[in-house]
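Trainee: mind looking at a prediction? Sequence and model below.
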Amino acid sequence: MTAAIRVEDLRKVYSSLTAVDGISFDVAAGEIFGVVGPNGAGKTTTIECLEGLRTPDGGSVRLWNLDPARDGRIVRERIGVQLQNSALPEDIRVWEALDLFSSYYRHPVPWGPLLERLGIAEKRRSAYAHLSGGEKQRLSIALALINDPDLVFLDELTTGLDPQARRSMWDLVRDIRRRGRTVFLTTHFMEEAEQLCDRVLVMDRGRIVALDSPENLVRTLGGETQVLFTVDGKCDLGRLEILPGVKRVAASGGRVTVTGSGDRLVALIVNALDAEGVNFRDLRSEHPNLEDVFLAVTGEVMRD
Amino acid sequence: MHGLLKLAWVEAKIYLRQPEAFFFTLVFPLLLLFLFGGIFGNKPHPLFGGRGTVDVSTPAYMALIIGSTGLISISIAVSGYREKGILRRYRATPLRPATILAAQVLVHYVMSLAGACLLVAAARLLFGLRFSGRMESVFAGFTLSCLSFFAAGFLLASLARNTRSAYILGMVIYFPNIFLSGATFPREIFPPVIRTISEALPITHVVSLLQGLWIGNPWSRHLTEVLVLVGILAAGVIISARVFRWE
Ligand SMILES: Nc1ncnc2c1ncn2[C@@H]1O[C@H](COP(=O)(O)OP(=O)(O)O)[C@@H](O)[C@H]1O
Ligand SMILES: [Mg+2]
């Protein structure tokens, strides 16, 4: 895999505050790469250094071996950008915005089909001010895709959207990747990163606290799985305690909670209960998620 | 070049959809003309050296257009675009940063010119406006004044923290300028004290340059005005270039 992005020891300081504090990572072509972290973690600063909108105070940033701060125009010809805090003029019509942005690039794609794909074709004559939050986001993605970019930056794509709109944004992002493009996104929703990203960089206070696939992060750092079920009648809990991977077994009334780890935990417990002839029901398991990972590595609850 | 024209074209459409900018540049000067022209007519008057009220007011109203475009429209447009992150969005494309600002200058210049043409046409048709200067001189004087005041507008946008303060700053400078400069009322009717204050206002120099060129004065009689306007232009460009913020 060739690296689309290469970041080495990136630092950015605002007067006294170090917003990004020496981070390094690579992003492979074709990946959906996510940066997650609470507000103020330094996600926007990082993404905007990659886009060439901010100049790093230290370290280096390369997009296909180009420096976005120096070779800005060549880089911007090949990237698509959705900014966290940006807008269009209130009175611009959707089609005018697309037409205008098309004229900035050497090889724009026809914007009609793009609007169809993003589901805002019927809004083409609407003024920007009259669009809903979700429609504005769709338009902003359409503008980010108008030059058929190799690499798309999406900063807090779904913040402020309702769950349904959020899910349809996820489909759009998957669709971008399916077309062979690289996606670099930031989010402060752990679930979003987990659902969408091939690799996740967990960031806090300008530093990297973890970087891996969501599955690996959860497996190695997420802590324990809980298996809960209800038993009718008597049950020898001692048989469960000696199963491999099980750490604790607790029961109150007929409700049993087994805490442990390992991919086969649920299967082992079910098999053991069957072998004992125990009558159990309502079995469910609670797996750790990225939220737990964040708690485990930073000692803090992820604030929304 | 294509990028500039396209952006300017879209910005022009957006401009015309905003009633307030449209009103001050294109409608308000006409209303003044109808009002004062209607009251005083355009009969030759000794106070104006044998010219009529409309003959003297029309070039002065041009200064009014330039003042409101430069001090209010441009600075609000630019600081509003900055505040909403529109400038940043444009900057994330291959467009050159200078092009983004040049498009604003172009649109506001064309709109000011349109306002001035509309004004002259109305004054001629309704009040028999007299003109004894040279077209190209007036055009050059108008253009210099625009550039100078647009530079001042960029300076305001650079200094103002946000759109609100740009607006307030613009108003605070604009109103004394238009009332005391002779842009709305002929300076000839001012008492001496006010006339002295008037001399110190930048827009007074636009008024007297355009009035002079309108009656065919040579440029050599307006060196002070030209110097002041070029000075504002230079200061505006140089300082803005240093302190202008994209976000
Ligand atoms: N232009 C700026 N000037 C000063 N401080 C800033 C600026 N932009 C961001 N910051 C600060 O830098 C830190 C990181 O901000 P940001 O990169 O926006 O984080 P995130 O996108 O993860 O919420 C925050 O503490 C923020 O207040
Ligand atoms: Mg952010």
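Mentor: Here it is on my side, so go on. Ligands and ions are numbered 1, 2, ... in the order given.
Trainee: CA atoms for contacts and neighbours, from now on please.
Mentor: OK.
Trainee: buried residues, the longest helix along chain A. List them.
Mentor: Of all the segments of type helix in chain A, defined by DSSP state H, the longest one is helix A:163-178. Buried residues in helix A:163-178, counted by 16 or more other Cα atoms under 10 Å in any protein chain shown: A:165, A:166, A:169, A:170, A:172, A:173, A:174, A:176, A:177.
Trainee: stretch B:185-192 now?
Mentor: Along stretch B:185-192, these residues count as buried under the neighbour rule (16+ other Cα under 10 Å): B:185, B:186, B:187.
Trainee: hmm, stretch A:40-52 touching ligand 1?
Mentor: Yes - Stretch A:40-52 is in contact with ligand 1 by Cα under 6 Å from any ligand atom, via A:40, A:41, A:42, A:43, A:44, A:45.
Trainee: quick one: that stretch to chain centroid distance?
Mentor: 15 Å (Cα atoms, centre = their mean, to the nearest Å).
Trainee: run through who's touching it.
Mentor: A:12, A:19-20, A:35-37, A:54-56, A:61-63, A:68-69, A:72, A:76, A:79, A:81, A:84, A:153, A:155, A:186, A:203-207, B:92 (Cα atoms under 8 Å, 6 or more residues apart in numbering or on different chains).
Trainee: now intersect these with the helices, please.
Mentor: Judged by DSSP H, helices contain the following of these: A:72, A:76.
Trainee: which ones are touching the most centrally placed residue in chain A?
Mentor: By Cα atoms, centre = their mean, the mean C-alpha position of chain A lies nearest to residue A:193, the distance being 2.7 Å. By Cα under 8 Å, 6+ apart, the contact set of residue A:193 is A:34, A:35, A:36, A:187, A:200, A:214.
Trainee: so does the longest helix along chain B get close to chain A?
Mentor: When chain B is parsed with DSSP H, its longest helix is helix B:97-127. No - residues of helix B:97-127 are not located near chain A by Cα under 8 Å from any Cα of the partner chain, the shortest gap being 10.6 Å.
Trainee: I'd like to know which elements that helix is packed against.
Mentor: On a contact count with 3 or more Cα pairs under 8 Å, 6 or more residues apart in numbering or on different chains; DSSP states H and E, helix B:97-127 meets helix B:2-16, helix B:28-40, helix B:53-68, helix B:86-91, helix B:135-159.
Trainee: repeat that with 10 Å
Mentor: Counting contacts by 3 or more Cα pairs under 10 Å, 6 or more residues apart in numbering or on different chains; DSSP states H and E, helix B:97-127 is packed against helix B:2-16, helix B:19-22, helix B:28-40, helix B:53-68, helix B:75-83, helix B:86-91, helix B:135-159.
Trainee: what residues does chain B put near chain A?
Mentor: B:2-4, B:6-11, B:13-18, B:77, B:80-96, B:246 (Cα under 10 Å from any Cα of the partner chain).
Trainee: list buried residues within the residues you listed.
Mentor: Here, 16+ other Cα under 10 Å leaves B:3-4, B:6-11, B:15, B:77, B:80-96, B:246 buried among the residues of chain B next to chain A.
Trainee: residue contacts, the residue in the stretch 51-200 of chain A positioned nearest to chain B?
Mentor: Closest residue of the stretch 51-200 of chain A to chain B, Cα to the nearest Cα: residue A:86 (4.1 Å). Contact analysis of residue A:86 by Cα atoms under 10 Å, 6 or more residues apart in numbering or on different chains lists A:140, B:81, B:82, B:83, B:84, B:85, B:86, B:87, B:88, B:89, B:90.
Trainee: hang on, the fourth one packs against residue B:158?
Mentor: No - applying Cα atoms under 10 Å as the test, residue B:83 and residue B:158 come out as separate, 11.7 Å apart.
Trainee: find residues that contact each of the two.
Mentor: By Cα under 10 Å, 6+ apart, residue B:83 and residue B:158 have these common neighbours: residue B:246.
Trainee: so who does residue 30 touch?
Mentor: Went with chain A since none was named. Counting by Cα under 10 Å, 6+ apart, residue A:30 touches A:1-4, A:150-151, A:176-183, A:198.
Trainee: my question was about chain B
Mentor: By Cα under 10 Å, 6+ apart, residue B:30 lies in contact with B:23, B:24, B:37, B:58, B:61, B:115, B:116, B:118, B:119, B:120, B:122, B:123.
Trainee: redo that, cut-off 6 Å
Mentor: Residues near residue B:30 by Cα atoms under 6 Å, 6 or more residues apart in numbering or on different chains: residue B:119.
Trainee: okay, it: pLDDT?
Mentor: pLDDT, residue B:30: 91.
Trainee: name the residue of chain B that lies nearest to ligand 1.
Mentor: residue B:247 (7.9 Å; Cα to the nearest ligand atom).
Trainee: now render the contacts of residue A:86 as JSON lines, adding pLDDT.
Mentor: Shown next, in JSON lines, are these (pLDDT from 0 to 100):
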{"residue": "A:140", "pLDDT": "90"}
{"residue": "B:81", "pLDDT": "88"}
{"residue": "B:82", "pLDDT": "89"}
{"residue": "B:83", "pLDDT": "88"}
{"residue": "B:84", "pLDDT": "88"}
{"residue": "B:85", "pLDDT": "88"}
{"residue": "B:86", "pLDDT": "91"}
{"residue": "B:87", "pLDDT": "89"}
{"residue": "B:88", "pLDDT": "90"}
{"residue": "B:89", "pLDDT": "92"}
{"residue": "B:90", "pLDDT": "90"}
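Trainee: then stretch A:235-246 to CSV, C-alphas only?
Mentor: C-alpha atoms of stretch A:235-246 as CSV (Å, rounded to 0.1, in the frame of the first residue of the first chain):
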residue,chain,number,x,y,z
CYS,A,235,-27.1,-23.6,39.2
ASP,A,236,-23.5,-24.4,40.2
LEU,A,237,-21.7,-21.2,39.5
GLY,A,238,-18.4,-22.8,40.4
ARG,A,239,-18.4,-24.5,37.1
LEU,A,240,-18.4,-21.2,35.3
GLU,A,241,-15.6,-19.7,37.4
ILE,A,242,-13.1,-22.2,36.2
LEU,A,243,-13.8,-21.6,32.4
PRO,A,244,-10.8,-20.1,30.5
GLY,A,245,-11.2,-16.3,30.2
VAL,A,246,-13.7,-15.9,33.0
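Trainee: tell me how far residue A:202 lies from residue B:235.
Mentor: Shown here: residue A:202 relative to residue B:235, a distance of 48 Å by Cα to Cα, to the nearest Å.
Trainee: and if you look at residue A:25?
Mentor: 45 Å.
Trainee: buried ones in stretch A:39-48?
Mentor: A:41, A:42, A:43, A:44, A:45, A:46, A:47, A:48.
Trainee: then that stretch to CSV, C-alphas only?
Mentor: Taking C-alpha atoms only, stretch A:39-48 is exported to CSV below (Å, rounded to 0.1, in the frame of the first residue of the first chain):
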residue,chain,number,x,y,z
ASN,A,39,-13.8,18.6,21.6
GLY,A,40,-10.5,20.5,21.8
ALA,A,41,-8.4,17.4,21.3
GLY,A,42,-6.8,19.0,18.2
LYS,A,43,-8.6,17.1,15.4
THR,A,44,-9.6,20.2,13.4
THR,A,45,-6.1,21.6,13.8
THR,A,46,-4.6,18.4,12.5
ILE,A,47,-6.9,18.0,9.5
GLU,A,48,-6.4,21.7,8.5
